[in-house]
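**Q** Using only what follows, build the 3D model:
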Amino acid sequence: MTSPRPPRPNRYKGWQIFRDHDGAWRCYHRKTRLRIDCQRFAPYTLEFDMEVHRINELVNEKQSKPGTLGMLITKYRESVRFRSELAPRTRADYQKCFDYLQGIEDTSLDRFTPPLIAKIRDKALEKRKFRFANYVRSVLSVIFDWGIEYGYTKDNPAAKVKPARRPKALPDANRPWTDAERETVLEALPPHMTLPIALMMFYALDPQDALSLPRSAITQTGLDTRRNKTGQPIYLPLFEPVAQAIARAPKHDALTLCANSRGCRGRTTGSAPIGAS
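**A** Model (predicted):
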């Protein structure tokens, strides 16, 4: 009996991904028949997604028409700004917007006006909620600004469009925990999860930053690191709850401060999560 297929996000549109009769993964691009080595790039991992995006870019480069949104996106993805100046997570987030915009890639750049951008925002709001709608508007603004700088566009119509309003009924995101809630969570965690959760809880690190934090980033005086996504430096004193979590953490040989229950670095993709046993 084969396991159910994972959900297929829009970024896999045009791809055939399946297991053969021996259970081995197979993946190829439907139109070009280009294949991905699934032993090297395990399906549905970040590395696999980036390989899908790389091949999509090659295909789009051949297919995108001059003077269209598809051409602008292709040129931007080839740029140093996208390839070198953005963190992998940011590039992946941008790619989600590019995938969403595939249906209008043949639209001429001179047709993009503030009213058209507003309609694109509203359509994304209807389909994917307000955060994604605003992210699409922001990414369009970024690539049109870049296009002005390099002579592909004359103005930035997205800059003149307001973000979608946050729904009043939407619960507050990232509500601060009470002291009682924090203590309850920390007491309930298994030993190998206490430290990464404490780093996220008391230093406001996101999971990727917490799990990739090297041992050298924490000293007796405090935390000295940078955020992976923005490069923003973080200098904070060593808070007592974090110091206690470090003292209680299981010993391991990983180069990172945190490790999963097998003593390996806690990666978010491509291996067992930090909560695995």
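**Q** what comes into contact with stretch 85-96?
**A** Residues outside stretch 85-96 that contact it (Cβ atoms under 8 Å, 6 or more residues apart in numbering) are 11, 46, 49-50, 53, 82-83, 132, 135, 139, 142, 208, 228-231. Quick note: C-beta positions are derived from backbone N, CA and C, even for glycine.
**Q** Now list the buried members of those residues.
**A** Using 16 or more other Cβ atoms under 10 Å as the burial test, the contacts of stretch 85-96 include 11, 46, 49, 53, 82, 132, 135, 139, 142, 208, 228 as buried.
**Q** which residues touch the fifth one?
**A** Phe82 makes contact with 76, 91, 94, according to Cβ under 8 Å, 6+ apart.
**Q** Okay, buried residues for the helix or strand in which the second one is found please.
**A** Assessed by DSSP states H and E, Arg91 sits inside helix 88-100. The neighbour-count criterion (16+ other Cβ under 10 Å) identifies 89, 91, 94-100 as the buried residues of helix 88-100.
**Q** These into a markdown table, with extra columns for distance to Ile197 and pLDDT?
**A** As requested, the buried residues of helix 88-100 are exported to a markdown table (distance: Cβ to Cβ, whole Å; pLDDT from 0 to 100):
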| residue | distance to Ile197 | pLDDT |
| --- | --- | --- |
| Arg89 | 20 | 81 |
| Arg91 | 27 | 89 |
| Tyr94 | 29 | 93 |
| Gln95 | 29 | 90 |
| Lys96 | 27 | 91 |
| Cys97 | 30 | 93 |
| Phe98 | 33 | 93 |
| Asp99 | 32 | 90 |
| Tyr100 | 32 | 92 |
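**Q** could you give the angle of the helix ranked longest in the chain to helix 88-100?
**A** What stands out as the longest helix in the chain, according to DSSP state H, is helix 114-149. If you take axes from the mean of the first three to the mean of the last three Cα atoms, to 10 degrees, helix 114-149 sits at 130 degrees to helix 88-100.
**Q** same question for helix 114-149, mean pLDDT?
**A** Averaged over helix 114-149, pLDDT sits at 94.
**Q** So for that helix, what gets flagged as buried?
**A** Buried-residue list, helix 114-149, by 16+ other Cβ under 10 Å: 117-118, 120-121, 124-125, 130, 132-137, 139-144, 146-147.
**Q** Kindly report the same for stretch 250-262.
**A** Neighbour-count burial for stretch 250-262 flags 252, 256-261 (criterion: 16+ other Cβ under 10 Å).
**Q** all helices of this protein, in order?
**A** Under DSSP H, the chain gives helices at 46-63, 69-78, 80-85, 88-100, 114-149, 179-188, 191-203, 207-212, 240-248.
**Q** export those to CSV and tack on distance to His29?
**A** Formatted as CSV, the helices of the chain follow (distance: least, Cβ to Cβ, whole Å):
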stretch, distance to His29
helix 46-63, 6
helix 69-78, 16
helix 80-85, 21
helix 88-100, 14
helix 114-149, 24
helix 179-188, 44
helix 191-203, 37
helix 207-212, 29
helix 240-248, 46
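**Q** Tell me the one among the buried residues of helix 88-100 nearest to Pro237.
**A** Of all the buried residues of helix 88-100, Pro237 sits closest to Arg89, with 27.1 Å by Cβ to Cβ.
**Q** residues contacting Leu116?
**A** Pro157.
**Q** Could you export stretch 208-227 as CSV, keeping only the C-alpha atoms?
**A** What follows is stretch 208-227, C-alpha atoms only, in CSV (Å, rounded to 0.1, in the frame of the first residue of the first chain):
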residue,chain,number,x,y,z
GLN,A,208,15.8,28.7,11.4
ASP,A,209,18.0,31.1,13.4
ALA,A,210,17.6,29.2,16.6
LEU,A,211,18.4,25.8,15.1
SER,A,212,21.4,27.0,13.1
LEU,A,213,22.9,29.0,15.9
PRO,A,214,26.6,28.0,16.4
ARG,A,215,28.0,27.2,19.8
SER,A,216,30.3,30.3,19.6
ALA,A,217,27.3,32.6,19.4
ILE,A,218,26.6,32.1,23.1
THR,A,219,29.1,33.1,25.8
GLN,A,220,29.0,33.9,29.5
THR,A,221,28.3,37.5,28.6
GLY,A,222,25.4,36.9,26.1
LEU,A,223,24.2,36.3,22.6
ASP,A,224,26.2,37.6,19.6
THR,A,225,24.7,36.6,16.2
ARG,A,226,22.9,37.8,13.1
ARG,A,227,19.5,37.0,11.7
